[in-house]
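**Student:** coordinates for the following, if possible.
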Amino acid sequence: MDFSPIIAPLWTTVSWLIPLMLVIGLLQTPWAKGYIGELVVRLVARIKLDQHTYRRLHNVTLNTPDGTTQIDHVFLSPYGIFVLETKNMRGWIFGSEKQAQWTQRLYQRSFKFQNPLRQNYKHLKALEATLGINPEHLHSVISFVGGSCFKTAMLANVTQSIGFIRYIQSFQQPVFSAAEVDALLRALQTGRRAPTLATHREHVQNLKRRSDPTAERLCPKCGSALLIRTVKSGAKAGQQFWGGSAFPKRRIMQSL
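**Tutor:** Reported below is the predicted structural model:
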């Protein structure tokens, strides 16, 4: 009996179904979600922000005392420099300025992620060191895309959808001349790491090293070694922490 009339349609269906499933699986990965979120922000910024007023750079990797840091978007303008961190998330978002971690609640499940305000603070400090400018002219902006909903009150610079455009445009007091903006753009282009695959790989390795509790750590301020120390007295006696090699003269402390 000839089964080809049955097998041929099945094979045709499977031949496009398998690639489709692979693509859907890829789109669900954190890397793909982050990349899509950044593309959305780029597109909106290109449409809504005048390109002559707001000069932009994306995926900016800068050196830091403890390795590297990677910034999603930088907008340089006469009204200041805006450092934008993108989060492509769904569900309910809970968090406050002081919390180390925020919570995403999706389909009755909860997930923790780093407070993006703290994450962006490191970006601002790296830019401040690279450009040598007044930190008052640096502005942190967080943009949530992907249909998430805030369930706690957020600061004005924590935005949804195209809200980051309104926040950036709310600054109307010039602090830089056009020539200064051009000079800052050139300085950042010179000071950034080359946007290559090798740079990205090195940054990923730095992230893994910083998240490894046994790996050697350096002070993010001065670059000196951090050592594991133990609290000797008080309510937290016995607990361990990362302390600067000059502790307690230099009181640099990080949770273990």
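**Student:** so which residues of the stretch 151-256 of the chain form helices?
**Tutor:** Using DSSP state H, counting those that start in this stretch, the helices of the stretch 151-256 of the chain run over residues 163-169, 178-191, 197-211.
**Student:** helices and strands around the shortest one, which ones?
**Tutor:** Packed against helix 163-169 by the contact rule (3 or more Cβ pairs under 8 Å, 6 or more residues apart in numbering; DSSP states H and E) you find helix 30-48, strand 138-145. Using the backbone N, CA and C atoms, a C-beta is placed for each residue, glycine as well.
**Student:** and these: which comes nearest Tyr79?
**Tutor:** strand 138-145 (8.8 Å; Cβ to Cβ).
**Student:** contact partners of the closest one?
**Tutor:** With Cβ atoms under 8 Å, 6 or more residues apart in numbering as the test, strand 138-145 has contacts from 37, 40-41, 80-89, 93, 116-117, 120-121, 123-124, 127-128, 150, 157-161, 163-164, 167-168, 171.
**Student:** may I see the ChimeraX selection of the buried members of the residues you listed?
**Tutor:** Buried residues within the contacts of strand 138-145, by 16 or more other Cβ atoms under 10 Å, are selected in ChimeraX with:
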select :37,40,41,80,81,82,83,84,85,86,87,88,89,93,116,117,120,123,124,127,157,158,159,160,163,164,167,168
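**Student:** on that earlier part again, so which of the helices of the stretch 151-256 of the chain is the most packed in?
**Tutor:** When the helices of the stretch 151-256 of the chain are scored by mean count of other Cβ atoms under 10 Å, the highest mean neighbour count falls to helix 163-169 (a mean of 19).
**Student:** kindly export it (C-alpha atoms) in CSV.
**Tutor:** Extracted in CSV, the C-alpha atoms of helix 163-169 (Å, rounded to 0.1, in the frame of the first residue of the first chain):
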residue,chain,number,x,y,z
GLY,A,163,6.6,57.4,28.8
PHE,A,164,10.3,57.8,28.7
ILE,A,165,9.8,60.2,25.8
ARG,A,166,7.7,62.5,28.0
TYR,A,167,10.1,62.3,30.8
ILE,A,168,13.1,63.2,28.7
GLN,A,169,11.3,66.1,27.0
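**Student:** what does that helix contact?
**Tutor:** By Cβ under 8 Å, 6+ apart, the surrounding residues in contact with helix 163-169 are 41, 44-45, 48-49, 54, 75, 77, 82, 84, 139, 141-143, 156-157, 159.
**Student:** run the last query once more with 6 Å
**Tutor:** Lys48, Phe82, Val141, Ser143, Asn157, Thr159 (Cβ atoms under 6 Å, 6 or more residues apart in numbering).
**Student:** please apply the same query to stretch 48-56.
**Tutor:** Here stretch 48-56 makes contact (Cβ under 6 Å, 6+ apart) with Phe75, Leu76, Ser77, Ile165, Leu185.
**Student:** what residues sit buried inside that stretch?
**Tutor:** Residues Leu49, Tyr54, Arg55, Arg56 are the ones in stretch 48-56 that count as buried (16+ other Cβ under 10 Å).
**Student:** what's the end-to-end length of that stretch?
**Tutor:** 13 Å (Cα to Cα, to the nearest Å).
**Student:** ok, now stretch 162-176?
**Tutor:** 25 Å.
**Student:** average pLDDT for it, rounded please.
**Tutor:** Average pLDDT, stretch 162-176: 96.
**Student:** now swap in stretch 104-123 and tell me
**Tutor:** The average pLDDT for stretch 104-123 rounds to 93.
**Student:** quick one: Thr103 is in a strand?
**Tutor:** Yes. Assignment of Thr103 by DSSP: H, G, I helix; E, B strand; the rest coil places it within a strand.
**Student:** show me the strands in the chain, by range?
**Tutor:** 55-64, 67-77, 80-88, 92-94, 101-106, 109-114, 138-145, 149-150, 158-160, 217-218, 225-230, 240-244, 253-255 (DSSP state E).
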